[in-house]
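Student: I'd like to go over a predicted model; first the sequence, then the structure.
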Amino acid sequence: MTERELIIKAQGGHNPSLNQLLLDNYSILKGYLIKLTLQKELAEDLTQETLFKAVKKIQDYEPQGKFSTWLIVIGKNLYFDYLRKNKREGSFEEYESGSSRIHEKKGPSLEDEVMNTFAFDKMKESLATLSQEKRSVFVLKHYYGYSYKEIAEIEGCPIGTVRSRLHKSIEEIRKAMEKEGLDGF
Amino acid sequence: MDSKCRETQYRMLDWFYQEEEEKKWDFDHVQQCKECQGYHQNLLKTEKNLPREPMEFQASDTFIRALEDQVRKERIRVEEKKERTRFLKELGAFPAVAFFLLSLMGSLFYYDVGPSFIQVQLAGLLVFPLIIPILGAVEKKRQQGRDYYGS
């Protein structure tokens, strides 16, 4: 069943379609939020909150682009709300969840393995140098291959701004990696 | 950075991130410009240092169950809200209709057309039962038509 068909059925009140639609986009949403927040626990809570909010707002959703675009907008807005409330932009302090987290599986999961790799640390260090806006654009383009147009919709800014942020991101990442003395820079 | 460099680097970026299929920048400029050459190298190094594969995550069974539960609760909430709205509408509509009908009757008696009104009502009550079989036949015919077209 295509995503569009699932959306129509979900909006018509078919619960399994809504569940499938949300779970199909779980990975991309969580990956994006981890790279945006650079905090695993916070990203998990935001993923949960985003999906629960999507359940409430599914009737308001107008299918234009990808469904994941809509979820990412909700997730990004929730994160920016969180930052405004906590005024801790760029903080690396341990995030303490206020909600009951229900993501974890017992034992090491694929996710844990990935999170513990050197690659994640390197990525974290590089992405941490970018502002939230630039980081969001860079992650969407670099890791998820969204088009400029889609990113402009998510970010609520013109395509020129997306291009400019991406351009600056590359420069800033280069500087950060040079500073770290990473191979290749 | 001058505008030529900016334009060249933007075009490199477009190609690198598949917004453009072909390399559309000014090659002569790049040959002479160290800044643009460096930018091209940066793009390639970024690819090397930050591999583009997105991380894969799978929701736990607990999370899936919680999500299903949330979806179910939300549906119930929406249905209850709809029901409440309908009830409130009906609650508001009943006194409004009653007030309108009473006002209408009051006006008819006030303008001394009460007896004629009662006569019309009586005629209506006598004729209405005769209309019911006709309405039933019309509805049956319409249903047959709908079955024929399969809708």
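Tutor: Right, received. Where do you want to start? Numbering: from 1, shown residues only, chains lettered A, B, ... in the order given.

Student: all helices for chain B, in order.
Tutor: With DSSP state H as the criterion, chain B has helices at B:3-16, B:27-32, B:34-49, B:61-110, B:114-148.

Student: pLDDT on the first one, on average?
Tutor: Taken as a whole, helix B:3-16 has an average pLDDT of 91.

Student: what residues of the helix or strand where residue A:8 lies count as buried?
Tutor: Per DSSP states H and E, residue A:8 falls inside helix A:3-11. By 16 or more other CB atoms under 10 Å in any protein chain shown, the buried positions in helix A:3-11 come out as A:6-7, A:9-11. Bear in mind the C-beta positions are built from the backbone N, C-alpha and C, glycine included.

Student: kindly provide the distance from the residue nearest the centre of chain B to residue A:133.
Tutor: Centroid-nearest residue in chain B: residue B:78, 14.5 Å away (criterion: CA atoms, centre = their mean). Using CB to CB, to the nearest Å, residue B:78 is found at 35 Å from residue A:133.

Student: so which of the helices of chain B is the most packed in?
Tutor: Ranked by mean neighbour count, those are led by helix B:3-16 with a mean of 18 (mean count of other CB atoms under 10 Å in any protein chain shown).

Student: what sits against residue A:139?
Tutor: A:32, A:35-36, A:127 (CB atoms under 8 Å, 6 or more residues apart in numbering or on different chains).

Student: ok, back up a step: tell me how far the helix holding residue A:8 lies from the chain's centre.
Tutor: Offset of helix A:3-11 from its chain centre (CA atoms, centre = their mean, to the nearest Å): 23 Å.

Student: now stretch A:50-59
Tutor: Using CA atoms, centre = their mean, the offset of stretch A:50-59 from its chain centre is 16 Å.

Student: so which bits of it are buried?
Tutor: Neighbour counts over stretch A:50-59 (16+ other CB under 10 Å) mark A:50-52, A:54-55, A:58 as buried.

Student: touching chain B at all, it?
Tutor: Yes. Part of stretch A:50-59 sits near chain B under the criterion CB under 8 Å from any CB of the partner chain, namely A:51-52, A:55-56, A:59.

Student: list the contacts of the spatially most central residue of chain A.
Tutor: What sits nearest the mean C-alpha location of chain A, by CA atoms, centre = their mean, is residue A:32, with 2.4 Å. By CB under 8 Å, 6+ apart, the contact list for residue A:32 reads A:72, A:75, A:139-140, A:143-144.

Student: what about 10 Å?
Tutor: By CB atoms under 10 Å, 6 or more residues apart in numbering or on different chains, the residues touching residue A:32 are A:43, A:46-47, A:50, A:68, A:71-72, A:75-76, A:79, A:136, A:139-140, A:143-144, A:146, A:154, B:54-55.

Student: for it, grab phi and psi.
Tutor: phi -60, psi -50 (degrees, to the nearest 10).

Student: contacts for stretch B:126-143?
Tutor: For stretch B:126-143, contacts defined as CB under 10 Å, 6+ apart pick out residue B:124.

Student: these two touch, right, residue A:147 and residue A:163?
Tutor: No. The pair residue A:147 and residue A:163 does not pass the contact test of CB atoms under 10 Å, sitting 11.4 Å apart.

Student: what do these two both touch?
Tutor: With contacts defined as CB under 10 Å, 6+ apart, the residues shared by residue A:147 and residue A:163 are A:141, B:17, B:19.

Student: break chain A down into its structural domains.
Tutor: For chain A, automatic domain parsing gives the domain ranges A:1-95, A:109-185.

Student: of all these, which lies closest to residue B:65?
Tutor: Checking these against residue B:65 by CB to CB gives domain A:1-95 as the closest, at 10.2 Å.

Student: off-centre distance for that closest one?
Tutor: 8 Å.

Student: roughly how far does residue A:13 sit from chain B?
Tutor: Using CB to the nearest CB, to the nearest Å, residue A:13 is found at 6 Å from chain B.

Student: got it, and residue A:136?
Tutor: 14 Å.

Student: same question for residue A:143.
Tutor: Distance from residue A:143 to chain B, counting by CB to the nearest CB: 5 Å.

Student: ok, now which ones touch that residue?
Tutor: Counting by CB under 10 Å, 6+ apart, the residues that residue A:143 touches are A:28, A:31-32, A:35, A:123, B:50-55.
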